[in-house]
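Engineer: Generate coordinates for the sequence data below:
(4 chains)
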4 protein chains.
Amino acid sequence: TFPNPLQDHPAYSTVKQYFVNADDTVPEKVVVQKNSPRGVHFRRAGPRQRVYFESEEVKACIVTCGGLCPGLNTVIRELVCGLSHMYNVNDVFGIQNGYKGFYSSNYLSMIPKSVNDIHKRGGTVLGTSRGGHDTKKIVDNIQDRGINQVYIIGGDGTQKGAYEIYKEIRKRGLQVAVAGIPKTIDNDIAVIDKSFGFDTAVEEAQRAINAAHVEASSAENGIGLVKLMGRYSGFIAMYATLASRDVDCCLIPESPFYLEGEGGLFEYIDRRLKENNHMVIVVAEGAGQDLIAQSIPAADQQDASGNKLLLDVGLWLTHKIKDYCKSKKMEMTIKYIGNFLVFTPMRC
Amino acid sequence: TFPNPLQDHPAYSTVKQYFVNADDTVPEKVVVQKNSPRGVHFRRAGPRQRVYFESEEVKACIVTCGGLCPGLNTVIRELVCGLSHMYNVNDVFGIQNGYKGFYSSNYLSMIPKSVNDIHKRGGTVLGTSRGGHDTKKIVDNIQDRGINQVYIIGGDGTQKGAYEIYKEIRKRGLQVAVAGIPKTIDNDIAVIDKSFGFDTAVEEAQRAINAAHVEASSAENGIGLVKLMGRYSGFIAMYATLASRDVDCCLIPESPFYLEGEGGLFEYIDRRLKENNHMVIVVAEGAGQDLIAQSIPAADQQDASGNKLLLDVGLWLTHKIKDYCKSKKMEMTIKYIGNFLVFTPMRC
Amino acid sequence: TFPNPLQDHPAYSTVKQYFVNADDTVPEKVVVQKNSPRGVHFRRAGPRQRVYFESEEVKACIVTCGGLCPGLNTVIRELVCGLSHMYNVNDVFGIQNGYKGFYSSNYLSMIPKSVNDIHKRGGTVLGTSRGGHDTKKIVDNIQDRGINQVYIIGGDGTQKGAYEIYKEIRKRGLQVAVAGIPKTIDNDIAVIDKSFGFDTAVEEAQRAINAAHVEASSAENGIGLVKLMGRYSGFIAMYATLASRDVDCCLIPESPFYLEGEGGLFEYIDRRLKENNHMVIVVAEGAGQDLIAQSIPAADQQDASGNKLLLDVGLWLTHKIKDYCKSKKMEMTIKYIGNFLVFTPMRC
Amino acid sequence: TFPNPLQDHPAYSTVKQYFVNADDTVPEKVVVQKNSPRGVHFRRAGPRQRVYFESEEVKACIVTCGGLCPGLNTVIRELVCGLSHMYNVNDVFGIQNGYKGFYSSNYLSMIPKSVNDIHKRGGTVLGTSRGGHDTKKIVDNIQDRGINQVYIIGGDGTQKGAYEIYKEIRKRGLQVAVAGIPKTIDNDIAVIDKSFGFDTAVEEAQRAINAAHVEASSAENGIGLVKLMGRYSGFIAMYATLASRDVDCCLIPESPFYLEGEGGLFEYIDRRLKENNHMVIVVAEGAGQDLIAQSIPAADQQDASGNKLLLDVGLWLTHKIKDYCKSKKMEMTIKYIGNFLVFTPMRC
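Structural biologist: The predicted model follows:
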């Protein structure tokens, strides 16, 4: 190991202690009772006194895989600038168009100047694609080109691929570090405060909610229904609901609901329309999957390979609400907003 | 007739001539040649020296009909404030939820204070609905309540209804003025400079174009396709294209196009992808209707009442482009953005 | 004490445990080492199983004091709506125009409907003012009107006033709860995650930075200098710097700096202009006070009452940099942006 | 002359007539009376059937001078892209940092690819400066480098310089076209519909007005005073006032005003505060100059060279209003917003 080059950085010169001690930890739970046991602790992230690679020997590469998320370019920029300005690393390469770029495209040389303004643009300057993961070909190329730091930005499928790369690298006994950077707009990773792009998604989601509210409140018995992102978690839906304050009801995967009878959604719709003449409902895309499953044939719930499909809770709810109101002879106008745009650069 | 109360308004006191002369006109065409005839001229709009109604006898009402358009609340606000502050009219009523509100809801009393902030909200504070036009019932109510100025804000269907109301009023010999205020986000009215809400739609359209551009440029051979409003005209599509400058091709109803062969869309797609690796296409919803019509059964082009349907040019183009690229074994990613939100309050 | 009315709230019915235990605590420091002592813990905030007041007996009032901060209306709205919807409290009053409103204005009755949209407006619907704190008159009025919950939103001066009110209430033996809600756009309160309005200030600050960057980069040897809020802390300056990524140098009160010699600001300016032709400097208003103090007479550093004045670091730096460049015969254009607007409603 | 290369452009192939006839004119006044004379007509702008230069012989250059204005980069981009894509001109150069760049810096080669995204950035990618106009040196360089089209973007001072260049070019008998592109955020050019950047300034101005309105309406007898751009014209002030609708009074250079007595500003302030508790005043920077001149020594109204200075109407009004309210023992809070940022890229 080598002394961390950060120690010579002028920006840090007035800060007293900025390296993380080897035995620093952070508790999983911050709410504690007097005599409760200490519980699980995580190792603390941050710069160490000593680092594993010597700066001039580092040859790093960065790849972005899967769908877009606000902030991809910001992450790329910080990797390039951080490696260069803070760790004196000058060999950083960009892999083009996702995993397949490891073996089918030129590697782009990246320096701070070339990424200087990219955080102001949406998308990823490296390009991205789905699939294309061929462990052997990828590690062959890493090995041939002498890459020893691999930064992989992507969702859970991508990270599984990163793990395969890591295993193959170990098997071959290479001195290569593989770092996975989680990309999930849904913020559904327990051990970090917030996933990048989440705040931007919440802000954009409020535009959709606002549109639904405008439509609902301009009609008689108007209902605005907005489907937001969140396959397994309701973070975007809940945060956007709280921030907007125009939402009457927010349905999320974590909390089951039902339509009919006491305490059901229909009863609540009745009440809110009577009280307020209009209402706004937000639903996370992963909410109510069990309910929908009961009403459609099992065959339609799987894709060709037998994988479970995400059923469209927004359209389903729209129809159910329409049917209910018809059956009650209630005049009503429903506006369904089923998708919205989050391709702006990350706000912050 | 009576002297225009505007003449006493302090805001006008330093302006020398602000009334429109009875014989002022504006030419239809402003490009002229030396000896060309004068051509058609329109009567000039604006305040007249003398007005038809005495202020204290005016009883005005305002109604909004049909779909939402940015600026509805601004128009309502200006009617109320203009009638009150400039013409000293104190009896202004709002009709709720469109035409049917004339005979089925209470009339809302409207004063400047109650509309003070409404221009900052989207939608219409009066509510709106489609249909509900019953000429007899409407004119009965106008007559019974002594309304003598009727302001009707809506699209072409609504204005046809306004004309029916006007004819019925004439038939009954009532002294009631009916004013139609055209609502068309598409800006497709030749004799006015710009329809309200158009600029806001153009600005919002650029968000959709931007999203398509981000997606297209983050993929290999990425195509972004955006369908914008414009059933019979390409104003929103063309203005948004010009303002955005990220669009490679803009298809509008006024200008026919074809897909295959020299000068066709496919040829152009080939070229742009080769030159630039990605491209953005904007299409107005009314473009290419003849082309699509050729490829689907006549029965599917009409609604239940036999009216011509607007065929979805966006989905059709998406499929055609996919098929074309497949046939050429061209790898390509297409992102189709088929609807976007314009429910913000009017900007500017 | 009484059972918390929250337990009957439908929104909570599916959530298992939402009351805070009496002995829940949160550690001051979340970074711990294996055998380190447990350290200071704070009592955890949140709803309790039992509450002190019976809902129908609560008579609450809300007051906003001092300067504006984004989010004031959001806080007011949440107090009114939370008291009403969650705690069944129906008697909530607004005090107008700050402390003096306790004894010189009518109390406004506030219900959820009347605050429904206020979070979309900047400022405070209650009005605000500085000063006007007369403990005796205020407590007299609280007593006379039977108020038993007082919510006071304001900065440190305001909170000192709140403490006086609390002491007077205790002295008189009244059963009145006084809650201080800290208002500080600077985020300089250690024990909370973030003060309300801070994120909005950071976002607006980026507009000023962006303007400075545009000016600097459009000139030869252009320097953009932005003064941001932060009397005793550099949170806004640092967060805006990090988010913007266009800043070359950020000066904050927590970290002293000097102008001349090695490691000084001038040396850094020299270097950045040579490398990049332009640069952007951000300075928190409280930075460099000691440095400025050396260059101006002591008398000018106090107000009439002998209080220490905040010296204008922005203008001072502008002159110092100009003088330096002149002395070095360096052509340079400096653009100083000394104040910017943060009066938008809170974003979130 | 040569045939216009535009005629081969595919984008124009479906448009029937797009060249401007040599004798097309546009009337100065579009309001006409039946028998009024035809009046002044201007020659119509637009592409001609035949052009003066052969494409491959054109060597064009672009320069930006003076202060920043939203849209500079858009104008640069359109010149480069228009010359290249529509007129097949491949030799386009950028002059750096204003007039002095003609003789003291390298000329930048500009192609569509290099200006592709610049319209999304504020400022000017060419850099700008004030002064530096040396006719002889500039024309020497134009001549030496074989430039035959010179595009000069700037305000009235810059255009006077452009005229000097043109005269020198004529004197030397060079075949060089000089085109002045007027840059005035104030929109004070009678013969064009709108100057570039004006709409963006109006939109940004509304932010300042909104801030003033929030401050005014959150205080007791709050007055918000906003100074906007407009040295000789009130276009920005009036458009922003109309768009915002939160302004009670708008003062512009075209319309004189006075403070005291009947019909004066003070009387109006009295009235609005009584009616509404707060008010917003907008003043164009060029308004009221005569009034201010009366209250300060003549010597302070000129700069060192004896040129008339623009006196600060905003500060002057702030003091006058404060004095007035003091004299009337009226408690009042005034918030003065004297400058605001318009450095965003052009919106459109």
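
Engineer: residues touching the residue lying closest to residue A:9 once chain neighbours are set aside, list them.
Structural biologist: Once flanking residues are discounted, residue A:9 sits nearest to residue A:86: 6.0 Å by Cβ to Cβ, 6 or more residues apart in numbering or on different chains. (Glycine included, C-beta is placed from N, CA and C.) Residues near residue A:86 by Cβ atoms under 8 Å, 6 or more residues apart in numbering or on different chains: A:5, A:6, A:9.

Engineer: got the residues of the stretch 51-200 of chain A near chain C?
Structural biologist: A:74, A:77, A:119 (Cβ under 8 Å from any Cβ of the partner chain).

Engineer: can you rerun that using 6 Å?
Structural biologist: Within reach of chain C by Cβ under 6 Å from any Cβ of the partner chain, the stretch 51-200 of chain A has these residues: residue A:119.

Engineer: need the strands for the stretch 51-200 of chain A, in chain order.
Structural biologist: A:60-64, A:92-94, A:108-109, A:149-154, A:177-182 (DSSP state E, counting those that start in this stretch).

Engineer: circling back to that earlier point, among the contacts of residue A:86, name the buried ones.
Structural biologist: A:5, A:6 (16 or more other Cβ atoms under 10 Å in any protein chain shown).

Engineer: which one of the contacts of residue A:86 sits closest to chain D?
Structural biologist: residue A:9 (29.5 Å; Cβ to the nearest Cβ).

Engineer: In TSV: the contacts of residue A:86, plus pLDDT.
Structural biologist: Rendered in TSV, the data for the contacts of residue A:86 read as follows (pLDDT from 0 to 100):
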residue	pLDDT
A:5	90
A:6	87
A:9	74
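
Engineer: Just name the most buried of the strands of the stretch 51-200 of chain A.
Structural biologist: Most buried of these, by mean neighbour count (mean count of other Cβ atoms under 10 Å in any protein chain shown): strand A:60-64, with a mean of 27.

Engineer: Need the contact partners of it.
Structural biologist: A:72, A:76, A:79, A:83, A:92-95, A:124, A:126, A:128, A:147, A:149-153 (Cβ atoms under 6 Å, 6 or more residues apart in numbering or on different chains).

Engineer: Might you list the low-confidence residue ranges for the stretch 1-150 of chain A?
Structural biologist: Filtered on pLDDT under 70, the stretch 1-150 of chain A yields the residue ranges A:10-17.

Engineer: Could you chop chain A up by domain?
Structural biologist: Taking automatic domain parsing as the criterion, chain A consists of the domains A:1-50, A:52-182, A:198-337.

Engineer: Might you report the residue contacts of residue A:141?
Structural biologist: Counting by Cβ under 6 Å, 6+ apart, residue A:141 has contacts A:102, A:103.

Engineer: 8 Å instead?
Structural biologist: A:102, A:103, A:147.

Engineer: mind putting those in a markdown table, distance to residue D:243 included?
Structural biologist: Shown next, in a markdown table, are the contacts of residue A:141 (distance: Cβ to Cβ, whole Å):
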| residue | distance to residue D:243 |
| --- | --- |
| A:102 | 53 |
| A:103 | 56 |
| A:147 | 55 |
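
Engineer: most neighbours, which of the residues you listed?
Structural biologist: residue A:102 (26 neighbours; other Cβ atoms under 10 Å in any protein chain shown).

Engineer: Pull the contacting residues for that one.
Structural biologist: A:63, A:95, A:137, A:138, A:141, A:142.

Engineer: any bit of stretch A:19-26 sitting next to chain C?
Structural biologist: Yes - counting by Cβ under 8 Å from any Cβ, contacts between stretch A:19-26 and chain C involve A:21, A:23, A:24, A:25, A:26.

Engineer: Weed out the non-buried ones from these.
Structural biologist: A:24, A:25.

Engineer: from the residues of stretch A:19-26 next to chain C, which single one is nearest chain B?
Structural biologist: Proximity of those to chain B (Cβ to the nearest Cβ) peaks at residue A:26, which lies at 34.4 Å.

Engineer: Looks like that closest one contacts residue C:27 (just checking).
Structural biologist: No - applying Cβ atoms under 8 Å as the test, residue A:26 and residue C:27 come out as separate, 10.3 Å apart.

Engineer: Go ahead and flag the most central residue of chain A.
Structural biologist: residue A:184 (1.4 Å; Cα atoms, centre = their mean).

Engineer: Would you mind listing what in chain A touches chain B?
Structural biologist: Going by Cβ under 8 Å from any Cβ, the residues of chain A near chain B are A:68, A:96-97, A:121-124, A:127-129, A:207-208, A:210-211, A:214-215, A:217-220, A:333, A:337, A:340-341, A:343-344.

Engineer: try 6 Å this time
Structural biologist: So far as Cβ under 6 Å from any Cβ goes, chain A lies against chain B at A:68, A:97, A:122-124, A:127-128, A:211, A:214, A:217-218, A:220, A:341, A:343.

Engineer: Can I get those residues in TSV including neighbour count?
Structural biologist: Shown next, in TSV, are the residues of chain A next to chain B (neighbours: other Cβ atoms under 10 Å in any protein chain shown):
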residue	neighbour count
A:68	22
A:97	24
A:122	24
A:123	25
A:124	29
A:127	23
A:128	29
A:211	24
A:214	27
A:217	21
A:218	28
A:220	20
A:341	19
A:343	24
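
Engineer: Give me the contact list for stretch A:159-173.
Structural biologist: Contacts for stretch A:159-173 (Cβ under 6 Å, 6+ apart): A:133, A:135, A:138, A:139, A:152, A:176, A:178, A:180.

Engineer: let's go with 8 Å and repeat that
Structural biologist: Contacts of stretch A:159-173 (Cβ under 8 Å, 6+ apart): A:65, A:99, A:133, A:135-136, A:138-139, A:142-143, A:150, A:152, A:154, A:176, A:178, A:180, A:182.

Engineer: for stretch A:144-153, same thing?
Structural biologist: By Cβ under 8 Å, 6+ apart, stretch A:144-153 touches A:53, A:57-65, A:72, A:75-76, A:79, A:93, A:107, A:141-142, A:158-159, A:161-162, A:165, A:174-181, A:183.

Engineer: Quick one: end-to-end length of it, please.
Structural biologist: End-to-end distance for stretch A:144-153: 22 Å, by Cα to Cα, to the nearest Å.

Engineer: cool, and stretch A:73-90?
Structural biologist: Stretch A:73-90 end-to-end distance (Cα to Cα) = 19 Å.

Engineer: So residue A:301 versus residue A:291, what's the distance?
Structural biologist: Separation of residue A:301 from residue A:291 (Cβ to Cβ, to the nearest Å) stands at 12 Å.

Engineer: The top helix by length along chain A packs against which elements?
Structural biologist: In chain A, assigned by DSSP state H, the helix with the most residues is helix A:198-217. For helix A:198-217, the packing partners by 3 or more Cβ pairs under 8 Å, 6 or more residues apart in numbering or on different chains; DSSP states H and E come out as strand A:222-228, helix A:235-244, strand A:278-284, strand A:333-337.
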